[in-house]
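>>> Build the 3D model from these lines:
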Amino acid sequence: MRLYYEQYGDGPEVVLVHGWGSHGGVWTDIARVVSKNFRVTVPDLPGHGRSSDFLPSAYTPESLVEELRPALSGAAVWVGWSMGGLVALAAAQRYPREVTQLVLVGATPKYVQSADWPHAMSPTVLDQFAHNLEQDYAGTLERFLTLQMAAGESHDVLRRLRTEMFRYGEPPTAALQAGLQLLKEEDRRNTLSSIAIPAMIIHGGRDRLAPVGAARFLAEHLPQTRLEIFPDAGHAPFLSHARLFLEKLGDFIQYGKTNEAGLLS
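Prediction:
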């Protein structure tokens, strides 16, 4: 089996890349609006969703980019959420002529803390997730989903994340472990200055998986960057603040005005 993806609409290319443990279905409502003016490609990353039977031998941002490229017919706007942000960064660095604009959502160049990087989770958190997947699969995924929520955020977001995670069955443990290893090992801080394409960062001010300091670091080190912080949002601002997300995205990639009925409440 190869990579599964769906495409909608016509026009310039946009690719929407999901995060760890999820699949392209989390973008359904966003894709519906954007596809009115663009050709939108929404993949399920290897080992996720309808690509669950496909796991490449290497699981790195670069290898995932190589799996995605054949689905695109030309240069594209790359929108990456969470782990998908690492994939989008890798695409922009490796194929700058094929990435017209870069949108990073709840993203960070480094997911684990180190002496020179406080804007992240403790390495033991990811280690514990990896260990617990073998002992308590369902409980571990539930705890991960809960971490994506900000205090006071609508539980509709949690229900949506939970529904999409398990829509096509349980994500394979091997793929989840490979993704956790990717998150633990990746450090793209030193590559940011080489990415000269226009970029926008959309980040929740209450993100617990990728603290907002990571977004500010991205904004300071990517040469052409616009930073949009949604103060009350958690890790999935495109779900919790869909209308505002679409407004910011539309202004950046200029898909034009969308009428009131076309936006999410």
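>>> Dihedrals phi and psi, the residue nearest the centre of the chain?
For the chain, the residue sitting closest to the mean C-alpha position, by Cα atoms, centre = their mean, is residue 81 at 1.4 Å. The phi/psi pair for residue 81 (degrees, to the nearest 10) reads phi -110, psi 130.
>>> what are the bridge partners for it, then?
Here residue 81 sits in beta bridges with residue 105, as judged by DSSP bridges.
>>> For residue 136, see how far away it is.
26 Å (Cβ to Cβ, to the nearest Å). C-beta coordinates here come from the backbone N, C-alpha and C atoms, glycine included.
>>> Show me the helices in the stretch 51-200 of the chain, by range?
Secondary structure of the stretch 51-200 of the chain (DSSP state H, counting those that start in this stretch): helices at 61-68, 83-94, 123-135, 137-147, 155-165, 173-185.
>>> Could I get the buried residue list for the second one?
It stands for helix 83-94. Within helix 83-94, the residues that qualify as buried by neighbour count (16 or more other Cβ atoms under 10 Å) are 83, 84, 85, 86, 87, 88, 89, 90, 91, 92, 93.
>>> how far out from the middle of the chain is it?
Mean-position distance between helix 83-94 and its chain equals 10 Å (Cα atoms, centre = their mean, to the nearest Å).
>>> Just the CA atoms of that helix, as CSV, please.
Below are the C-alpha coordinates for helix 83-94, written out as CSV (Å, rounded to 0.1, in the frame of the first residue of the first chain):
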residue,chain,number,x,y,z
MET,A,83,4.4,17.0,13.7
GLY,A,84,3.2,18.1,10.2
GLY,A,85,5.0,21.4,10.9
LEU,A,86,8.3,19.5,10.9
VAL,A,87,7.4,17.9,7.6
ALA,A,88,6.5,21.3,6.1
LEU,A,89,9.8,22.8,7.4
ALA,A,90,11.7,19.9,5.8
ALA,A,91,9.9,20.5,2.5
ALA,A,92,10.7,24.2,2.5
GLN,A,93,14.4,23.5,3.2
ARG,A,94,14.8,20.6,0.8
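>>> Now do it and helix 173-185, the angle between them.
Relative orientation of helix 83-94 versus helix 173-185 (axes from the mean of the first three to the mean of the last three Cα atoms, to 10 degrees): 60 degrees.
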